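Asker: Please find the sequence and the predicted model below.
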Amino acid sequence: MTGRTLGKRTLGRTGIPVTRMGYGAMSLDSGRFAPVSPDQAAAILTAVLDAGINFIDTSPDYGESEEFIGRFIAHRRSEFFLATKCGCPVVPGAGTQHVYTRENIVAAVEQSLRRMKTDHIDLLQFHGAPSPEALEHEGAIETLRDLQRQGKVRFIGVSAVLPGLARHIAMGVFDAFQIPYSALQREHEGVITEAARAGGGTVIRGGAVRGAPAVDKEWAIRRLPEVSPERPRTLWERAHLDDLLAGETRMAFTLRFTFSHPDLDTAIIGTANPDHLHSNIQALRKGPLPADVLTEAKRRLDAADQAAAT
């Protein structure tokens, strides 16, 4: 399956065509998930590029993820748009919280460039949803502008959630926004459209709900902090979404729901298993959910949410 059959969208004002399915390299972080060996990392990263996926998202926070990218696919750098993050504590004494000082941002970028064996980052995103005030206080936007002028960063973005996300859009400085969205996390459904109308690229995370609805015994979310642990299974069951599967797996249905959003440019889907990657690609190949199924799924989810609120 090539990038052409994966489908591409222009990532907002960047003007860069990206595949509708991107790869979330957080799955290569053995500290968060099951251990990933170098051989496994090489296999999945190679499979990602061989499938035609051209958007890869990572972070200094994600264990060996950046090192694996540099080690195994740096020689294919021209084939992918590389997104990473800043604000992650890198300088000595930074602690464990995100830090948006010039020193920490520059140190993170230099570290990322070394780790990934590249001379530029395509999209540098603020991690941790910093407030506009925090960015202004630290001169963080100007720091990223300086890095752009040096050719080390091409575009700038932010990974954020409501209510702060609306203020990030209003700032008018970001080329792309990373936003959580799925059938079981629809709070940002409208603001995704707002970001796109403002000219920003939309990078969707959590579109597979971290695999939560894959099979009956796999409802535990591995890392989706905006959603309470019990909510996915409860909401899915209250909405009777299994009735709408029509022979589809829960995972494929969930992915197709996510990709049905008309203002989604790319959704980063993570896995360390090439078989899972190809299953996800097959789901994308089927296209968005049929309009009547999508409408009914949203009606049921809205009703389930309303019932839970009363």
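Answerer: Nice, I can see it. Remember, it's a predicted structure, so these values are computed and weren't measured experimentally. Numbering: from 1, shown residues only.

Asker: Low-confidence regions, the stretch 101-250 of the chain specifically.
Answerer: Within the stretch 101-250 of the chain, the stretches with pLDDT under 70 are 210-230.

Asker: List the residues that contact Leu49.
Answerer: For Leu49, the contacting residues are Ile73, Arg76, Glu79, Phe80, by Cβ atoms under 8 Å, 6 or more residues apart in numbering. All C-beta spots, glycine's among them, are computed from the backbone N, C-alpha and C.

Asker: Which one of these is nearest to Gly24?
Answerer: Within the contacts of Leu49, distances to Gly24 taken as Cβ to Cβ reach their minimum at Phe80, with 13.1 Å.

Asker: Ramachandran coordinates for that closest one?
Answerer: Note on Phe80: its backbone torsions stand at phi -140, psi 150 [degrees, to the nearest 10].

Asker: same deal with Pro180?
Answerer: Per degrees, to the nearest 10, the backbone of Pro180 is at phi -80, psi 140.

Asker: how much space between it and Val153?
Answerer: If you measure Pro180 against Val153 using Cβ to Cβ, to the nearest Å, the figure is 24 Å.

Asker: Identify the residues contacting stretch 187-203?
Answerer: Outside stretch 187-203, the residues touching it (Cβ under 8 Å, 6+ apart) are 10-14, 18, 22, 55, 57, 83, 157, 161-162, 165-166, 169, 172, 174-181, 204, 226, 261-268.

Asker: Report the buried members of those residues.
Answerer: With neighbours counted by 16 or more other Cβ atoms under 10 Å, these contain buried members at 11-12, 14, 18, 22, 55, 57, 83, 157, 161, 165, 169, 174-181, 204, 261, 263-268.

Asker: so how far is stretch 188-207 off the chain centroid?
Answerer: 11 Å (Cα atoms, centre = their mean, to the nearest Å).

Asker: cool, and stretch 69-88?
Answerer: Worked out by Cα atoms, centre = their mean, stretch 69-88 lies 15 Å from the chain centre.

Asker: And that stretch, what's buried?
Answerer: Buried positions in stretch 69-88, judged by neighbour count with 16+ other Cβ under 10 Å: 69-73, 80-88.

Asker: same check, this time on stretch 296-310
Answerer: Neighbour-count burial for stretch 296-310 flags Glu296, Ala297, Lys298, Arg300, Leu301, Ala304 (criterion: 16+ other Cβ under 10 Å).

Asker: For Thr193, see how far away the fourth one is.
Answerer: As for Arg300, its distance to Thr193 is 22 Å (criterion: Cβ to Cβ).

Asker: try Gly164
Answerer: For Gly164, the distance to Thr193 under the criterion Cβ to Cβ works out to 17 Å.
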